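Novice: One predicted model, sequence on top.
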Amino acid sequence: MANPIIGILRVKELRERIIFTLGMLVVFRIGAVFPIPGINVRELSRYFYDQINSGNPIVDYLDFFAGGAFSNFSVFMLGIMPYISMSIIMQLLLIVFPTLKKISQEDGGRKKIQKWQRYGTVLVCLIQSYAVTQYAQVISRSVDNLLNIGIVPFTLIAMLTVTTGTMFLMWMGEQITKRGVGNGISLLIFAGIVARLPQAVWELIDIMRKGDLNPVFVIIVFIMFVGVITLVIFEQQGQRKIPVNYAKRVVGRKMYGAQNTYIPFKINPSGVIPVIFASSILTFPLQIAQTVGGNLPWLARMAQVLSPRGTLYNVLYILLIIFFAYFYTQVSLNPIEIAKQIRENGGSIPGIRSEKIEEYLTKILNRIVLPGSMYLALIAVIPTFIQWAFKFPTSISYLMGGTSLLILVGVDLDTMSQIEGLLKMHHHEGLVKRGRLRGRNL
């Protein structure tokens, strides 16, 4: 029983959860291959092969977040990003409109907000799926026999199919969270990124064989890759502990003695959420501009300006990461609520007056979040630096740093921490020595 793998296989609950999660991920990868009705798969593959070889950054970017489903025009080509976009919009609405905030705090209010969020996801899917049909029409002008049916039937069928695919992915994510291991939505994104790794490695080897890339640059980037992974793990696990002392108190007929504990504030409380949110916000207008830009010249110019390799895109990307880091931290770790709970339970922070606890916690969080968000932003722009400095292909640089690296490491740590907790609950040894993994609240 000292082997954690054997412990996982012997615990029935954990074994069933892992099998269920793997089964859902297999369904997700199968769906990423099936094209929507009315598409000539052979001509589509030939077109996107030329686009990838010509270095179209927007195609590579959209295909990266869809796990290869975008270039296949599959039923899952939008991925889970519409749901994430609607989650951001709903969180902002809860802050802007106090009435919605009040509804969410009532009995059953959370389910009502989630229902509205699902309806909003359908609307976002319909908008993005219509943009996809317009993009298919633009491609069909340069590729003969791309569409096997008429424009109008293809538009209606594609919108219905793609929207249904995204809603099915949303349901799959919820089921993985409920009945599997890890956060379902994050695992779907994780699976899409991992599925691109073998192809990216093969492309890298092929480029090196042709002599288009210096092997020394590959070694330098690989060393950077390993170093950044190490720094990400330390950053995700780092904490600032705020000591809290509780006085003796009487509950019923029992007296509880004084207790000393601490509040663990992580260096990066929001994890990879700011990166996913920022990517989702920028992907939405980028996809609209790319797909409809052939019909509207100003949208074509917008797609060119918002290219992932461009300066404007990366500046907006950094600013959005910092903004969402502060935003998500305030939503998940509200200093006012924390201070209220400390006072109600008879607690105090050494050296801080009771009425100054909110101010003290806010100052600590601001000092933690600023360097944490800047660190996230620095890692997120690594692919752009790799492309500029070492002339790496877009598809490879996206997988060797930045967003993909943060998501891979963060989701892996979160999943391992949940497995660790389930093993400890069944009195088994953890995955690592002394079980020091901590969850990230994705």
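Specialist: Good, I have the coordinates. Numbering: from 1, shown residues only.
Novice: where along the stretch 1-150 of the chain do the helices fall?
Specialist: For the stretch 1-150 of the chain, the helices defined by DSSP state H, counting those that start in this stretch cover 4-10, 12-31, 41-53, 57-65, 81-96, 98-105, 109-142.
Novice: swap that for the stretch 201-350 of the chain, sorry
Specialist: According to DSSP H, counting those that start in this stretch, the helices that the stretch 201-350 of the chain contains are 215-237, 273-292, 297-305, 311-332, 335-344.
Novice: picking that back up, deepest-packed of the helices of the stretch 1-150 of the chain, please.
Specialist: Per residue and on average, the most neighbours among the helices of the stretch 1-150 of the chain fall to helix 57-65, with a mean of 23 (mean count of other C-beta atoms under 10 Å). All C-beta atoms are positioned from the backbone trio N, CA, C, and that covers glycine.
Novice: Quick one: residues contacting Met86.
Specialist: Under the criterion of C-beta atoms under 8 Å, 6 or more residues apart in numbering, the neighbours of Met86 are 117, 120-121, 124.
Novice: Dump these to a markdown table, plus pLDDT and distance to Ser270.
Specialist: Shown next, in a markdown table, are those (pLDDT from 0 to 100; distance: C-beta to C-beta, whole Å):
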| residue | pLDDT | distance to Ser270 |
| --- | --- | --- |
| Gln117 | 89 | 19 |
| Gly120 | 90 | 22 |
| Thr121 | 91 | 22 |
| Val124 | 88 | 22 |
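Novice: ok, these vs Ala66, which is closest?
Specialist: Sorting the contacts of Met86 by how near they are to Ala66, with C-beta to C-beta, puts Val124 at the top with 14.8 Å.
Novice: Pull up the gap between the closest one and Val96, please.
Specialist: Val124 sits 18 Å away from Val96 when distances are taken as C-beta to C-beta, to the nearest Å.
Novice: on that earlier part again, any idea which of the helices of the stretch 201-350 of the chain gets closest to Val27?
Specialist: Nearest of the helices of the stretch 201-350 of the chain to Val27, taken as C-beta to C-beta: helix 273-292 at 21.8 Å.
Novice: Next, the angle helix 81-96 makes with the closest one.
Specialist: Calculated by axes from the mean of the first three to the mean of the last three C-alpha atoms, to 10 degrees, helix 273-292 forms an angle of 120 degrees with helix 81-96.
Novice: avg pLDDT for helix 273-292?
Specialist: Averaging pLDDT along helix 273-292 yields 73.
Novice: Chain neighbours aside, what residue packs nearest to the residue nearest the centre of the chain?
Specialist: By C-alpha atoms, centre = their mean, the mean C-alpha position of the chain lies nearest to Ile276, the distance being 4.0 Å. In this structure, Ile276 finds its nearest non-sequential neighbour in Ile84, 6.1 Å apart by C-beta to C-beta, 6 or more residues apart in numbering.
Novice: Among the helices of the stretch 1-150 of the chain, which comes closest to Tyr328?
Specialist: helix 81-96 (8.0 Å).
Novice: Quick check: phi and psi on Ile149?
Specialist: Phi and psi for Ile149, reported as degrees, to the nearest 10, are phi -130, psi 180.
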